[in-house]
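> Quick one: sequence plus predicted model below, questions after.
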Amino acid sequence: MTVVCSGSSPRQLRDHMSGFDAASVRGIISFGVAGGLDPSLRSGDVVIATEVVTSATRFSALSPSEESLAGIRVGNGPRIVTATLAGSEDVVLGQASKARLRASTGAAAVDMESHIAAAYAEENDLPFAAVRVISDPASRALPRLAMDALKPDGEVDVWKVLRGIARNPLAIPALVSAGRDFNRALRSLSGCRGLLLGESAGSLVGANL
């Protein structure tokens, strides 16, 4: 599997994807974290896309049946659902914005990469799938500082976070909660390796946050 990281930049992901020879890959998988739109989903829950929608278009996605997923979840582990993903060019931060997007699309989650990966797959007649883990649930507003502090490579600019906290100490509780949600999402995502690779990695391109 060849992994392409967007660094939270749709433009950067498009640039990376344009460099691939579509004839050399068998399919595209979008994987990573997402913002929750469905109020029933918690951080760490897994959404496997049935389709990806934007304000302008709709892309279909390969997804397993609910019955085949029923045996994957163990005990009190993360919930795994098949549902619609919304694609956005901008970060959807607040609860009200998430609720509006949910109402207009019916999507369970939103991310900034899946619609780009889906468009590339459609343009090149490649199969497409998306596996996304909820980081910030619908009930939580993602702190602006949490996104502003991301570097182009996706790493966190610690000094920018510290400067932001110094200017606004009241942001600390929200940042701590966001950090816990994100870590829970990453742990859950690490358990999705089987969903992403199956028995054999094959020739795939993975586009992720």
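Ah, there it is.
> Check which helices and strands the longest helix anywhere in the chain sits against.
In the chain, assigned by DSSP state H, the helix with the most residues is helix 172-190. The contact analysis (3 or more CB pairs under 8 Å, 6 or more residues apart in numbering; DSSP states H and E) places helix 172-190 against strand 27-36, strand 128-136, helix 144-148, helix 158-167. For every residue, glycine as well, the C-beta is placed using N, CA and C.
> Comparing these, which yields the minimum mean pLDDT?
Here the lowest mean pLDDT among the helices and strands packed on helix 172-190 goes to helix 144-148, at a mean of 65.
> so where's this structure uncertain?
Scanning the chain with the threshold set as pLDDT under 70 gives 65-77, 143-162, 164, 170-171, 193-209.
> let's go with 50 and repeat that
Scanning the chain for pLDDT under 50 picks out the ranges 74, 199-204, 209.
> how much space is there between Gly36 and Ala166?
Using CB to CB, to the nearest Å, we find Gly36 at a distance of 30 Å from Ala166.
> Looking at those two, which is more packed in?
The neighbour comparison of Gly36 against Ala166 (other CB atoms under 10 Å) goes to Gly36, with 26 against 8.
> show me the residues around that one that make contact.
42-43, 45, 98, 108-109, 134-140 (CB atoms under 8 Å, 6 or more residues apart in numbering).
> Now do the end-to-end distance for stretch 119-130.
Start and end residues of stretch 119-130 are separated by 12 Å (CA to CA, to the nearest Å).
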